[in-house]
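Novice: output the structure for:
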Amino acid sequence: MDDQQDPGTLAPAPASGSASASEPDAGSGPESASGQTDPDKDAPAAKKKKSFGRELLTIVVAAAILTLLVKAFIIQVYRIPSASMENTLEVGDRVLVNKVVYHFRGIARGDVVVFSGQDSWGPDAPPPSSNPVVRVFDDVLSGLGLHSDQTYYIKRVIGLPGDHVACCTDGKVTVNGVPLTEDQYLFGGNPPSTFKFSVVVPSGHLWVMGDHRSDSDDSRYHTGDPAGGAIPEIQVVGRAFLIIWPPSQLRDLPIPTTFQQAALHAGAAGAAVLEGGQAALAAAPVAGAAGVLAAPVLLLHRRRRH
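Specialist: Just a heads-up that it's a prediction; the model follows:
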């Protein structure tokens, strides 16, 4: 902390009655040197301390703003609230969601995505406030990811727009007639589905399912909702790509190999990028860490200049 005393003032005097200490004899050299501080020496030191304090505050504020911007536009942490994605995601896990990856590539089958229930599964967000000040304030908080009236879900993408998704052929879910081998992510002991279904995913929508099929309220159970249970692509927030908590669960969330079958990507719906988009995924964590890493480096650089 900055010294609250005025630079250059004398140190506190001893108790009254010690006249020689509070008013030293100008002729006693050692006493004069030890009993007073040199204003010319203390002033630069105090200015440096205050300057350091201002620089530190500026850097902390800048890092906080950068963190908010990263959260609003690049990466956000979500907590897993239910067992619908077990064993891939456990209740209480925290995942990093890349909010920019789909600006660089299309949504791919096998992606684990976070999406809003707006215009599909609901509940829809309430209408904006009639108070313009409150509305602007809510919009700002929502833009920074600090407030939302929407309900979010996390599921795995099984079908893209135009895909024919069905179950079950030889006990497997099929996409455009291609069977999926789901052992890599399906909850142990779960069948791909406990009932049959056959859908063609509408344009601009996605068919999504949980990995814990016997405990997942997914597209199969929303056939009475708009788009027959498929969710709008526009409501996808981003792709969950890394579990960051608890430490024992720390790992990435790659696209399972069954979704990389060549037959799945023969048509127009299968043109989503599987590998090229990984560069975008790698860039996002770097951007997210920038606010933390830049602060001490910038501080050290500025201190060396002085």
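Novice: output stretch 177-187 as CSV, nothing but the C-alphas.
Specialist: Taking Å, rounded to 0.1, in the frame of the first residue of the first chain, the C-alpha atoms of stretch 177-187 are listed here in CSV:
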residue,chain,number,x,y,z
GLY,A,177,-29.0,-45.3,-43.1
VAL,A,178,-25.5,-45.4,-41.6
PRO,A,179,-25.5,-47.2,-38.2
LEU,A,180,-23.8,-45.5,-35.3
THR,A,181,-21.5,-47.4,-33.0
GLU,A,182,-22.1,-45.5,-29.8
ASP,A,183,-20.2,-47.6,-27.2
GLN,A,184,-17.6,-44.8,-27.0
TYR,A,185,-20.0,-42.4,-25.3
LEU,A,186,-23.3,-44.1,-24.5
PHE,A,187,-24.0,-44.7,-20.8
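Novice: which positions in it come out as buried?
Specialist: Neighbour-count burial for stretch 177-187, with 16 or more other Cβ atoms under 10 Å as criterion, is recorded at 178-180, 182, 185-187. For glycine as for every other residue, the C-beta is placed from the backbone atoms N, C-alpha and C.
Novice: quick one: contacts of that stretch?
Specialist: 86-88, 156, 158, 164, 169-170, 172-174, 192, 211-215, 256-259, 261, 263-264 (Cβ atoms under 8 Å, 6 or more residues apart in numbering).
Novice: ok, of those residues, which come out buried?
Specialist: By 16+ other Cβ under 10 Å, the contacts of stretch 177-187 give 86, 88, 156, 158, 164, 172-174, 192, 211-213, 256, 258-259, 261, 264 as buried.
Novice: mind checking which of those residues are in strands?
Specialist: If you go by DSSP state E, these have 156, 158, 164, 172-174 in strands.
Novice: mind putting these into JSON lines with pLDDT and distance to residue 59?
Specialist: As requested, those are exported to JSON lines (pLDDT from 0 to 100; distance: Cβ to Cβ, whole Å):
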{"residue": "156", "pLDDT": "98", "distance to residue 59": "41"}
{"residue": "158", "pLDDT": "98", "distance to residue 59": "46"}
{"residue": "164", "pLDDT": "97", "distance to residue 59": "55"}
{"residue": "172", "pLDDT": "97", "distance to residue 59": "55"}
{"residue": "173", "pLDDT": "98", "distance to residue 59": "52"}
{"residue": "174", "pLDDT": "97", "distance to residue 59": "55"}
